[in-house]
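Novice: What follows is a predicted structure for the sequence shown.
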Amino acid sequence: MKARILVIEDEMAINDLLCMNLEAAGYETVGYLDGNDASKGVVQDHEFQCALVDIMLPFFNGYHWCSEIRKISEVPVIFISSVSDNMNIVMAMNMGADDFIAKPFDLDVLTAKVQALLRRTYDFAAASPVLSHRGAVLQTGDQSLLVDGEKLPLSKNEYRILWTLLQDKGTIVSREKLMEALWPVSYTHLTLPTKRI
């Protein structure tokens, strides 16, 4: 199944370019130019695995859409914006974004960042597509839990905890292993971007 990427960008040329480039890389895309259209994509049709969101948008800004996405999903969110001062970058991350890419950007770099986020978010369980225990089935494809025929959506962290526990079911899982599953990257080595990559 191809990952589906939501693009909310009001400049049609950039929106089209992003969608074409990501589709060429093997993803499905759905693009929106403004808040009226995006409300359908974000609220009504939230079957996507990653979102690229501009900050400066008609009707509602990107911070609004990031918070709307966070109400229904823990999918990775990447802000793309020409407003790339430190205050906006920090605000974006505090709003729940996973990364920030300043305009103008290199399409190859953007695609690589999308791929890395998707890989970290979804593919760490690729070797085991389904894990189960006592009738509960953890589905790694859409990160949900199936219990007695009922599908329960999971947050990114809930999924990672369950995946780690089910990988080692029957044994005691250390706190360190759970912490590593939740935060696989040491954030002490990360710095916020201050210039074009």
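Specialist: Ah, there it is.
Novice: Going by C-alpha atoms from here, please, whenever you check contacts or count neighbours.
Specialist: OK.
Novice: in the chain, which ranges drop under the pLDDT threshold?
Specialist: 1, 35-46, 84, 123-130, 140-142, 184-197 (pLDDT under 70).
Novice: Can you show me the strands along it?
Specialist: Per DSSP state E, the chain carries strands over the ranges 4-8, 28-32, 50-54, 77-81, 99-102, 130-133, 136-139, 144-147, 150-153.
Novice: which residues are contacting stretch 50-64?
Specialist: In this structure, residues lying in contact with stretch 50-64 by CA atoms under 8 Å, 6 or more residues apart in numbering are 3-10, 34-36, 65-66, 75-81, 83, 92, 95, 114, 118.
Novice: That stretch: end-to-end distance?
Specialist: Start-to-end span of stretch 50-64 (CA to CA, to the nearest Å) is 16 Å.
Novice: Quick check: closest non-adjacent residue to the residue sitting nearest the centre point of the chain.
Specialist: Residue closest to the average C-alpha location in the chain (CA atoms, centre = their mean): Pro76, at 1.3 Å. Using CA to CA, 6 or more residues apart in numbering and skipping the chain neighbours, the partner closest in space to Pro76 is Cys50 (5.0 Å).
Novice: For the one you found, give its distance to Ser81.
Specialist: 17 Å.
Novice: for Asp168, same thing?
Specialist: For Asp168 relative to Ser81 (CA to CA), the value is 42 Å.
Novice: what about the two, which has more around it?
Specialist: Between Asp168 and Ser81, counted using other CA atoms under 10 Å, Ser81 has the larger neighbour count: 21 against 10.
Novice: isn't the more buried one right up against Lys103?
Specialist: Yes: with contact defined as CA atoms under 8 Å, Ser81 reaches Lys103; the gap is 5.4 Å.
Novice: Could I get the buried residue list for stretch 50-65?
Specialist: Using 16 or more other CA atoms under 10 Å as the test for burial, stretch 50-65 gives 50-57, 62-63, 65.
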